[in-house]
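In: how does the following fold in three dimensions:
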Amino acid sequence: MYLYCFIFFLLFIIFIISKIISPKRINIQGKHVLITGGSSGIGKALAIEAVRHGANVTIIARNEKRLEEAKQEIESHIKDKSSQKVFAVSVDITKDADKVKKAAEKDLGPITILINNAGSAIAGRFEETSIEQFQRMIDLNFLGSVNVTKAAIKGMKENNEGRIVFISSQAGQVGVFGYTAYSASKFALRGFAESLQMEVKPYNIYITMAFPPDTDTPGLAEENKSKPKETLLISDTVGLFSPSYVAKSVFRDALNGRFLSYVGMDGWLLSNLSSGMSPATSVVDLLQQVFAMGIFRFVCQFYLFHFDRIIRKCKEEKDSKLKSS
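Out: Modelled structure (predicted):
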C-alpha cells in the first residue's frame, strides 16, 4: 500500500514539474523562419525542414550564387506552393545585422524562429593559430550570432512568441585538440544563450543550443584538409552524420523549446554531462541528468584516456621521425 502511494506521489510530482518546465510546442504554419548560413550543409537542410512544416523561410549567406542554388532546391520541398515563400539575402552577419532584419522582415514579416547556423572552423595547434584566426572565430561563430539575434529579438518580444537556435558543436561542450580557437568561440555561445534565456523566457521565447557532431558538409570537407592528425583521429571516435539527420533532430527540439539539443549516443552523454545550470525544459532530460551525472562522468574519463593515448602516440611518431632525419 505504501509503495503504491509513493509511486503515485512520485508520478504526481513529475507531472507537476513537467507542466512547469516544458514549453508549449510552437506552430510555424505560415510563420517566418530565418536561417543564417542557409546556402549549404546543416543550414540548407534546416530550411528544407522549415518549408516542409509550412513555414516561410529566409536564408542568409554571403555567396550569392550558392544562395540562389540553395533557394531553388528549398523551394522544391515547399508544402503549399500557393502561399509559402523562400527568400535569399546576401549579407555579412558580422557587420550588417540591421540589413538582415530589414531585408528579411520586409517581405515575410516578423521572425518567429531564428536559427543561427552560420559559422566555420579553424583547426590547428595553438602556437600555429594566429591572433587573426582567433578573432575570425569570435567574429563569425559568436558575434555574428549576437548581431542577428539582437536584430530579431525586438519583434519576438512584441509578438510574445519565438524560438532562437544556436548551432554550436560537440567541440562547444568539450575542448578538443586543435580547436583552441574554434572551441572557445562555441563555448562563448553557451554562456550567451543561458543568460539570454533568463531574459526572454517571460516573453514566451525559448532558446535551443544544438551540439551536432561532425556532419557531412562542404565546410567539414574543407576543414579536414588542414586538421592536425590528432584532431582527425579524435573526431573519428564519434562518426559522421548527414545534414538532413542533424536538421530533423535540431528542428524538432527547436519547435518544442528544448534547451539542449543533441545527436547520437555520444551527444546524449555529453549533453547530460555538461547540463550544469542550463534550463531544464524536459522532465525526462532532468531526471536523466539528476540520476546519471555520476556514471556519465566516470564513462567520459575513458574517452579522455583514449584521446590522451592518441595524442601521445602522434607525438612519439613525430619524435621518432625527427630522430631518424
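
In: which stretches of the chain form strands?
Out: For the chain, applying DSSP state E gives strands covering 32-36, 56-61, 86-90, 113-116, 162-167, 205-211, 260-262.

In: okay, now the unreliable bits of the protein?
Out: For the chain, the stretches with pLDDT under 70 are 1-22, 97-98, 100-101, 103-104, 325.

In: just name the most buried of the strands of the chain.
Out: strand 113-116 (a mean of 30; mean count of other CB atoms under 10 Å). The C-beta positions use only the backbone N, C-alpha and C, and glycine is treated the same way.

In: so how far is it from its chain's centroid?
Out: Strand 113-116 has its C-alpha centroid displaced from the chain centroid by 10 Å (CA atoms, centre = their mean, to the nearest Å).

In: how about the helices in the stretch 201-325 of the chain?
Out: For the stretch 201-325 of the chain, the helices defined by DSSP state H, counting those that start in this stretch cover 218-224, 229-235, 243-255, 264-273, 283-324.

In: now render these as JSON lines, adding distance to residue 152 and mean neighbour count.
Out: What follows is these, written out as JSON lines (distance: least, CB to CB, whole Å; neighbours: other CB atoms under 10 Å):
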{"stretch": "helix 218-224", "distance to residue 152": "23", "mean neighbour count": "14"}
{"stretch": "helix 229-235", "distance to residue 152": "32", "mean neighbour count": "20"}
{"stretch": "helix 243-255", "distance to residue 152": "14", "mean neighbour count": "22"}
{"stretch": "helix 264-273", "distance to residue 152": "25", "mean neighbour count": "19"}
{"stretch": "helix 283-324", "distance to residue 152": "26", "mean neighbour count": "12"}
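
In: now render those helices as JSON lines, adding distance to residue 141.
Out: Formatted as JSON lines, the helices of the stretch 201-325 of the chain follow (distance: least, CB to CB, whole Å):
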{"stretch": "helix 218-224", "distance to residue 141": "12"}
{"stretch": "helix 229-235", "distance to residue 141": "17"}
{"stretch": "helix 243-255", "distance to residue 141": "17"}
{"stretch": "helix 264-273", "distance to residue 141": "19"}
{"stretch": "helix 283-324", "distance to residue 141": "23"}
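
In: for residue 59, which of those is the nearest?
Out: helix 243-255 (12.9 Å; CB to CB).

In: quick one: residues in contact with the closest one.
Out: 25-26, 28, 41-42, 44-46, 48-50, 53, 113, 115, 163, 165, 167, 208, 210, 212, 215-217, 261-263 (CB atoms under 8 Å, 6 or more residues apart in numbering).

In: of the helices of the stretch 201-325 of the chain, which approaches residue 157 most closely?
Out: Among the helices of the stretch 201-325 of the chain, helix 243-255 sits nearest to residue 157 (CB to CB), with 18.0 Å.

In: and that closest one, C-alpha only, in PDB?
Out: Presented in PDB, the C-alpha positions along helix 243-255 are these (Å, rounded to 0.1, in the frame of the first residue of the first chain):
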ATOM      1  CA  PRO A 243      22.900  17.100 -42.600                       C
ATOM      2  CA  SER A 244      19.300  16.000 -43.000                       C
ATOM      3  CA  TYR A 245      19.500  13.700 -40.000                       C
ATOM      4  CA  VAL A 246      21.000  16.500 -37.900                       C
ATOM      5  CA  ALA A 247      18.500  19.100 -39.200                       C
ATOM      6  CA  LYS A 248      15.500  16.900 -38.300                       C
ATOM      7  CA  SER A 249      16.700  16.500 -34.700                       C
ATOM      8  CA  VAL A 250      17.500  20.200 -34.200                       C
ATOM      9  CA  PHE A 251      14.300  21.400 -35.800                       C
ATOM     10  CA  ARG A 252      12.200  19.100 -33.700                       C
ATOM     11  CA  ASP A 253      13.900  20.300 -30.500                       C
ATOM     12  CA  ALA A 254      13.500  24.000 -31.500                       C
ATOM     13  CA  LEU A 255       9.800  23.600 -32.100                       C
END
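
In: tell me what angle it forms with strand 32-36.
Out: 130 degrees (axes from the mean of the first three to the mean of the last three CA atoms, to 10 degrees).
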